[in-house]
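# how does the following fold in three dimensions:
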Amino acid sequence: MLIDAFIDFTGVGPDFDVEAAVARLDDAECLGSIAARVTCVTASEAAGRVQPPRGWDVRTSSAVDACRDAFAAAAEADRPLLLLIGDIQPNSAAVGLLLEAMATDPMIGFASARLTGAHDGSVARLDATGDGAIDELPRRLLAELPETYLVADGPARCLAVKPIVLANFGELDVRFETVAGALWHYMSRARRCGFRTLVCNRAIVTSRSDSRPCPASIITPRSLSEADRVLLRDLSPDVERTAGEFGTRGAAASETRLARAVPHAYGTRPSLLLDLRNMIAGVNGTTTVALGISRGLHALRAGWDVTLVASKDACKFHDLEQSFAGSQVVTRIPARQFTAALRLSQPWNVQEMIDLHAAAAYNAYLLLDTIAWDVTYPAPRHLDGTWRFMTDHADALLFISAYTRDRFRRRFQVPDGTPELVTYLAFDPAEYVRSDVRVPANQESFILVVGNDYDHKDVVPTMELLATAFPYQSIVALGPPRTITPRVRVLQSGTLSETDIHRLYAGARVVVFPSFYEGFGFPIVTTLAYGGTLVARGSSLLDELAARCLPRGRIVPFARRDDLIDVVGRLLHDEDVASLPLGTALDGGRPMSWQDVSARILAFLDRLISDLSRSRWRSREHTIAQLMAAPTSLVDGAVKLPRVHADLPST
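Down below sits the predicted model:
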């Protein structure tokens, strides 16, 4: 099939060699064998010396006027029109793919090609949206993409127009300053009558531009001149909505996100977003996990670029910028994208997962426990749906104990093939003992009861029981403020400094940890680190942790509250009690430090990102697009769902 062609050289540099460009394009492998008529417009003064090939018309007139004439001539000849904006060199095979794509559907009016990048093995970005720090995409990324995107208006630097469109939508509007602006208006008119555009991801044409970054394949409305943007907005008021919801913007963001997932294609290190947004401006178990793993990663200085995101209050309280000097610390999800995102606690709403999906192709979550789901009363609205979304769409799940993993898998059906890792937290006593903690020699003996306000910690019943059984024994409790007897001092959990908490552990004669339900249990490892005696409710978790702790201190289990009185009484009178064996799983090795934990996580992530086809980014994209379509009443206002990248539209 013969075609007409229009070439706009007006945007290339002043030293552009028009004659050489015309010779390249007229080659039989390019337009020479398929173009019946070629209209070429240039601003170069040398254009007048060009001897155009047969069928070529080389002009120095207005580019929009010349393009209008080319449209009219192709319409009259009933031939497809190929538009090239810039120094673009398509081969005849790529043009053939564009023509075949338009023939697949009577309502496909346009087909656009992809451009090569500045380096071998690369392609230009789809459009100027997405991660602005990425100039081009690795060509192997095309294997992860559909053959075509079916989009709305998408003026491209290499664009084919179907004859039926040329015959029905009249002339270009010459009030536009640029061909790109006039094309946006023209394509929006055709689209409003049903004619859509195919982006052909297998049709790759050569871009010979020396500019950096190399030009994107699609020209966005925001890249037009101010005058063209204003005129386009006036003539096509729906163009911005169309570009955002039905155009290439969502696909472009997905492509740069995927490009971050193959960092070695650029010779760069993989990048990791650590999500610490659940960390409070205070001390609790979640904070200890987040800071411990983050500090371990920071100490490793491994082959990853790490960015931490946390709330402003948490950043200030924990002095994160100073503590993680050399790493980026931010208070909102950055505009740039990452190879992987790891949330260092379970998510509490779908929005948090939407954020991470937009940020990285690989999304992994560290599960601390399933307590909120089980006890229900502190759980955020729709937590069941949130965790089922995570289960279906997470690229990997990490657990801080086999106990937590087993509880989660019993409650949620994890898809086959989901990468999982049980990564215990630090057991090394050196990670918990503070050098600035001193216990006065004359300090009164006391029992420390550890917990907080939640019912499953069982602090209040335990305090009352111990105060009744041992009325002359001093008791200090971390839990809900309540006055029981003058011998019982209750300290509000989360309000003490880390030093004050450790002083209690170091000075207690007995630490009682009555919690029914834990995912790990920092009171266990902290008590042992100071060589203390811990009385804890017996469970398979307690056995699991005891086996990985150094034989330092002791763990005395109890099953019922009545047993607790007997155990504590024996300890206060220095009588023998049954304790759990410690260190049986160490096999002579040393217990894990935070750095060991972080190295284990990084090794897991290295394996995870080795195969992009295993990422579930596409299924997440589909589901998120469906969530965006839900009326507010359906989500009950509990989850704020902003506009996010739309699904990759494909044929």
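
# per-domain residue ranges of this protein.
3-260, 265-426+596-625, 439-572 (automatic domain parsing).

# could you dump these to a markdown table with distance to Gly589?
No exception for glycine: its C-beta is placed from N, CA and C like everyone else's. Output for these, formatted as a markdown table (distance: least, CB to CB, whole Å):
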| stretch | distance to Gly589 |
| --- | --- |
| domain 3-260 | 36 |
| domain 265-426+596-625 | 10 |
| domain 439-572 | 10 |
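
# how about CSV for those, with mean neighbour count and distance to Ser579 added?
Compiled in CSV, the domains of the chain are given as follows (neighbours: other CB atoms under 10 Å; distance: least, CB to CB, whole Å):
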stretch, mean neighbour count, distance to Ser579
domain 3-260, 20, 50
domain 265-426+596-625, 19, 20
domain 439-572, 18, 4
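
# for Leu586, find the nearest of those.
Of all the domains of the chain, it is domain 439-572 that lies closest to Leu586, at 6.6 Å by CB to CB.

# thinking again about what came up before, how about a markdown table for the domains of the chain, with mean pLDDT and distance to Gly588 added?
Shown next, in a markdown table, are those (pLDDT from 0 to 100; distance: least, CB to CB, whole Å):
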| stretch | mean pLDDT | distance to Gly588 |
| --- | --- | --- |
| domain 3-260 | 91 | 42 |
| domain 265-426+596-625 | 94 | 16 |
| domain 439-572 | 91 | 12 |
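
# how about those domains, which one is nearest Asp587?
domain 439-572 (10.3 Å).

# need the distance between the two termini of that closest one.
Domain 439-572 has an end-to-end distance of 19 Å (CA to CA, to the nearest Å).

# strands along the stretch 301-450 of the chain, start to end?
305-309, 328-330, 338-343, 360-367, 396-399, 420-422, 446-449 (DSSP state E, counting those that start in this stretch).

# nearest to Ser61, out of those strands?
Judging those by CB to CB, what sits closest to Ser61 is strand 360-367, at 46.8 Å.

# so how far is whatever helix or strand Ala243 lives in off the chain centroid?
Taking DSSP states H and E as the criterion, the element that holds Ala243 is helix 239-245. Taking CA atoms, centre = their mean, to the nearest Å, the mean C-alpha location of helix 239-245 is offset from the chain mean by 24 Å.

# who are the packing partners of it?
Helix 239-245 is packed against helix 179-192, helix 226-235, with contacts defined by 3 or more CB pairs under 8 Å, 6 or more residues apart in numbering; DSSP states H and E.

# just the CA trace of that helix, in CSV.
Only the C-alpha atoms of helix 239-245 are listed here, as CSV (Å, rounded to 0.1, in the frame of the first residue of the first chain):
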residue,chain,number,x,y,z
VAL,A,239,-8.6,17.2,26.4
GLU,A,240,-6.9,17.2,29.9
ARG,A,241,-9.3,14.8,31.3
THR,A,242,-9.0,12.6,28.2
ALA,A,243,-5.2,12.7,28.4
GLY,A,244,-5.2,11.7,32.1
GLU,A,245,-7.9,9.1,32.1
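
# neighbouring contacts of that helix?
With contact meaning CB atoms under 8 Å, 6 or more residues apart in numbering, helix 239-245 is reached by 152-153, 184, 188, 191, 220-221, 232-233, 249-250, 643, 646.

# nearest to Ala63, of the residues you listed?
Ranked by distance to Ala63 (CB to CB), the contacts of helix 239-245 are led by Trp184 at 14.5 Å.

# quick one on the thing from earlier: now for the strands of the stretch 301-450 of the chain, which one comes closest to Ala160?
Evaluated over the strands of the stretch 301-450 of the chain, closeness to Ala160 peaks at strand 360-367, with 31.1 Å, by CB to CB.

# please state the offset of that closest one from the chain centre?
7 Å.

# can you show me the helices along the stretch 351-500 of the chain?
Applying DSSP state H, counting those that start in this stretch to the stretch 351-500 of the chain gives helices spanning 371-375, 383-393, 402-411, 459-469, 498-507.
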